[in-house]
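Colleague: I would like the atomic coordinates for the input below:
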Amino acid sequence: LLETRGVGSRLSAQAFRSVAGKDQAQFAVISGRTEFQIMRDNLALNDVDCGDHNVRAYAEALVEQYEGHRHDLATVGRVLPGVQETLDAVSRLPWVLQSVLTGNLRRVAEVKLETFGLASTFDLQLGSYGDDADERADLVQIARQRAEEATGARFPGARTVLIGDTENDVHAALAAGASVVGVATGSTSLEQLTSAGAHAVLDGLTPSSVTGVLTSIAGQADAVEGG
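Modeller: Predicted coordinates for the structure are as follows:
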């Protein structure tokens, strides 16, 4: 949805320093992973106690950094092309409930979306976040459960659709029995997303491409259930 273009890395480094008392020399793999996983790895790789107390302190420090640097985020970061128009188009589909699944801490995700004016297109109460669970597949189940509890509707199997830009997004959706659309707007290519098992792949977000894919997935789900 958006790029922080270096601001996120800087804020994370400052949060690490506030907890560890030193600069970060080694860095965990971040793509497609949850924030708590990344934080534990960052601490361990830099010979800092990675117990729950330090992880929680790290998380609190990261939230404080984002809250205090909204201006930097807005000035340097950007919303990716077509995102706002696509979110608006999807929100107008009467049979779609739109929320967020992200490895970011919930408050960090909210700050990012608020800063770039995207928050109103989602029901953020029904999403799932990096402080809900470590494993991304569990986040799919959590979001599904929250949506079902809030609406009384069911979102089984293919009727839950995850749109993501990493192989871990694809793997998480498949592990939870959900449909998945891969979007090659990050460092993962169309070929990699396809090989990972995405049901559809796009090179970017546009209203027509995303609503078309969602309509197709819904039609396939109807056909299977009807059969």
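
Colleague: any idea which helix is longest in the chain?
Modeller: helix 207-226 (DSSP state H).

Colleague: tell me which residues in that one are buried?
Modeller: 207, 209, 210, 211, 213, 214, 217, 218, 221 (16 or more other C-beta atoms under 10 Å). Bear in mind the C-beta positions are built from the backbone N, C-alpha and C, glycine included.

Colleague: who's in contact with the helix or strand of the chain with the lowest mean pLDDT?
Modeller: Ranking every helix and strand in the chain by mean pLDDT, DSSP states H and E puts helix 207-226 at the bottom, with a mean of 88. Identification of contacts with helix 207-226 by C-beta atoms under 8 Å, 6 or more residues apart in numbering yields 82, 85-86, 88-90, 93, 95-96, 157-159, 161, 163, 179, 181, 199-200, 202.

Colleague: Now restrict the residues you listed to buried residues only.
Modeller: Among the contacts of helix 207-226, those classed as buried by 16+ other C-beta under 10 Å are 82, 86, 89-90, 158-159, 161, 163, 179, 181, 199-200, 202.

Colleague: What about those residues, which are in strands?
Modeller: 161, 163, 179, 181, 200, 202 (DSSP state E).

Colleague: So which residues of this structure form helices?
Modeller: Using DSSP H, the helices assigned to the chain run over residues 7-20, 35-45, 52-68, 70-76, 83-91, 106-115, 136-151, 167-175, 190-196, 207-226.

Colleague: which other helices and strands contact the third one?
Modeller: Spelled out, that is helix 52-68. Applying 3 or more C-beta pairs under 8 Å, 6 or more residues apart in numbering; DSSP states H and E, we find helix 52-68 packed against helix 7-20, helix 35-45, helix 106-115.

Colleague: Domain boundaries for this structure, per the record?
Modeller: Per the record's domain assignment (the TED database), the chain is made up of the domains 2-76, 80-226.

Colleague: Flag the shaky bits of the protein, pLDDT-wise.
Modeller: Applying pLDDT under 70 to the chain flags residues 225-227.

Colleague: number of nearby residues for the residue lying closest to residue 142 once chain neighbours are set aside?
Modeller: Leaving aside its chain neighbours, residue 142 sits nearest to residue 128 (4.1 Å; criterion: C-beta to C-beta, 6 or more residues apart in numbering). Residue 128 is flanked by 25 other residues according to other C-beta atoms under 10 Å.

Colleague: so what's residue 128 bridging to?
Modeller: residue 101 (DSSP bridges).

Colleague: Could you verify my assumption that it touches residue 143?
Modeller: Yes: using C-beta atoms under 8 Å, residue 128 is in contact with residue 143, at 4.1 Å.

Colleague: Identify the contacts common to these two.
Modeller: Listed as contacting both residue 128 and residue 143 by C-beta under 8 Å, 6+ apart are residue 101.

Colleague: Name the nearest residue to the residue nearest the centre of the chain, ignoring sequence neighbours.
Modeller: The centroid of the chain falls nearest to residue 102 when counting by C-alpha atoms, centre = their mean (2.4 Å). Leaving aside its chain neighbours, residue 102 sits nearest to residue 109 (5.0 Å; criterion: C-beta to C-beta, 6+ apart).
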